[in-house]
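> Here's a sequence, model it:
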Amino acid sequence: MKQLVKIYMLALLLALATSALAADGVKYASLDVQKILMAADEVKIASVDVQKILNLSDAGKEAKRQLEMDVLKAEIEKNSREKELNKLKTELEKHGSSLSETERSAKEKVYENRLQEYQQFIQKTTEEIRSENSELTSRIVGDIIKVVRDYGRKKGFLFIFFKSDSVLYLDDKVDVTNAIMQALNEK
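Okay, the predicted model is just below:
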């Protein structure tokens, strides 16, 4: 990886130097390749595993706890509504034939209304929890980005990558996830 960064930096510096010299009308110039390679050698890069921070940081754990509480409340409400629906359905099945047409129709209408309310509740609650999860995650990722930028500036990093599938290889020596998580927890 370091070799790749060196090559990239060398190519970038050569391109910049050539275009700058060409702009000044200089046809030939000597570049100190050794200095360019030394500069590329000093490039500091790092990686951060955002998913690990989301799962293990204090903020991530708190968000998970909050979501679990909301899911539990929704589950309790869902179970209560299901119980009511089952009771209405059982009542209709048991006593439906003995009821007058008007009474049976009224009870069926109540059941259908409650069933529709239940389905709307499930849909609304699912969307609210999904939205809350997205909001909490976005907030934490925003905080992570701020901490990474601050850490990178203070430690003199040129690049700090988020670990992802698009990065084919990064040596574990450049992983600063724990340092970022510690800084985030102290925030």
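> okay, now K109: neighbour count?
10 (other CB atoms under 10 Å). Glycine gets a C-beta too; all of them are placed from N, C-alpha and C.
> need the contact list for it.
Listed by CB atoms under 8 Å, 6 or more residues apart in numbering, the contact set of K109 is empty.
> where does it land in three-state SS?
helix (DSSP: H, G, I helix; E, B strand; the rest coil).
> From L92, how far out is it?
Applying CB to CB, to the nearest Å, the value for K109 to L92 is 11 Å.
> quick one: what helix or strand has the residue most central in space within the chain in it?
Among the residues of the chain, the one closest to the centroid is T137, at 5.1 Å (CA atoms, centre = their mean). Secondary structure assignment for T137, by DSSP states H and E: helix 101-155.
> Let me see the mean pLDDT of that helix.
Per-residue pLDDT over helix 101-155 has a mean of 93.
> that older thread, ok, the residue nearest to the centre of the chain touching K64?
No - with contact defined as CB atoms under 8 Å, T137 does not count as touching K64 (10.2 Å).
> And the pLDDT at the closest residue to the residue nearest to the centre of the chain other than its chain neighbours?
Leaving aside its chain neighbours, T137 sits nearest to L54 (6.7 Å; criterion: CB to CB, 6 or more residues apart in numbering). We have a pLDDT of 94 for L54.
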